[in-house]
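quick one, what's the 3D model for this:
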Amino acid sequence: MVKYVGKRILYAFLTLLVLVALTFFMMRLLPGDPFIGEKAVPETTLRALNEKYGLDKPMTVQLIMYLKNILKGDLGLSMYYNRPINDIIVQAFPYSFDLGIRSLIFAAITGILLGVVAAVKRGTKWDTLSMLFAVIGVSVPSFIIGALLQYFLGLKLYEFTT
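Residues are numbered from 1 along each chain as shown. Purely as a prediction, here's the structure:
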């Protein structure tokens with residue numbers, strides 16, 4: 001059993017490593033430069049920024065630096081906010097956690113209710129409707145369901161009640 005768990009942990013680590021490397025290389029292969037925006041940036045400033053962030057080094061060296069920083073827990077500096085990404089995550093985590101707990105409670109209650117309806121009304125249209133609703137809820141991506149709920153509950157219901 002210990003051997004099996006160890007092998008699974010090793011496979012999970014290797015999978016994560018491959019995904020991080022693939023994401024890194026795909027991001028680096030995108031056209032453009034992270035420092036070039038609407039305003040013209042002098043060439044000396046571009047060179048200094050590339051040197052500061054290690055973007056003047058070969059991609060393999062950049063990947064090794066990136067992996068070392070991730071293992072240390074350093075996710076870097078946000079160029080948009082000019083703050084450490086760790087600070088941004090720490091600031092936003094309570095809201096994400098709250099939303100996740102609320103959605104988990106909602107999903108559990110809805111799932112239990114649908115299961116009870118399907119079991120009690122077995123073979124009827126209520127069974128079919130509850131199963132259809134459950135399959136749609138599992139199959140449709142959460143961001144689509146979220147956008148639809150925002151539209152109907154946030155906008156349409158508000159318009160209806162005012």
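
what's the first helix or strand after the strand or helix carrying L19?
In the assignment (DSSP states H and E), L19 maps to helix 2-29. Following helix 2-29 in sequence order, the next helix or strand is helix 43-52 (DSSP H and E).

what average pLDDT does that following helix get?
Averaging the model's pLDDT scores along helix 43-52 yields 87.

for it, buried residues please.
L49 (16 or more other Cβ atoms under 10 Å). Bear in mind the C-beta positions are built from the backbone N, C-alpha and C, glycine included.

residues in contact with it?
Identification of contacts with helix 43-52 by Cβ atoms under 8 Å, 6 or more residues apart in numbering yields D33, F35, I36, V41, L55, D56.

which ones are touching the first one?
Contacts for D33 were tallied using Cβ under 8 Å, 6+ apart; they are L46.

next, it: phi, psi?
The phi/psi pair for D33 (degrees, to the nearest 10) reads phi -130, psi 140.

show the model's pLDDT score for it.
78.

with the third one instead?
Here the pLDDT value assigned to I36 is 78.

how close does it get to V138?
For I36, the distance to V138 equals 43 Å [Cβ to Cβ, to the nearest Å].

name the residues of the longest helix along the chain that come out as buried.
Longest helix in the chain, counting residues (DSSP state H): helix 85-120. Neighbour-count burial for helix 85-120 flags L114, V117, A118 (criterion: 16+ other Cβ under 10 Å).

would JSON lines of these with distance to V20 and pLDDT be doable?
Output for these, formatted as JSON lines (distance: Cβ to Cβ, whole Å; pLDDT from 0 to 100):
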{"residue": "L114", "distance to V20": "38", "pLDDT": "91"}
{"residue": "V117", "distance to V20": "43", "pLDDT": "92"}
{"residue": "A118", "distance to V20": "41", "pLDDT": "92"}
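
and these, which is closest to T161?
Using Cβ to Cβ, L114 comes nearest to T161 of the buried residues of helix 85-120, at 26.9 Å.

list the residues that contact that closest one.
S130, M131, F133, A134.

let's have these in JSON lines, adding pLDDT, neighbour count and distance to I145.
Output for these, formatted as JSON lines (pLDDT from 0 to 100; neighbours: other Cβ atoms under 10 Å; distance: Cβ to Cβ, whole Å):
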{"residue": "S130", "pLDDT": "93", "neighbour count": "21", "distance to I145": "17"}
{"residue": "M131", "pLDDT": "91", "neighbour count": "14", "distance to I145": "17"}
{"residue": "F133", "pLDDT": "89", "neighbour count": "14", "distance to I145": "11"}
{"residue": "A134", "pLDDT": "88", "neighbour count": "16", "distance to I145": "13"}
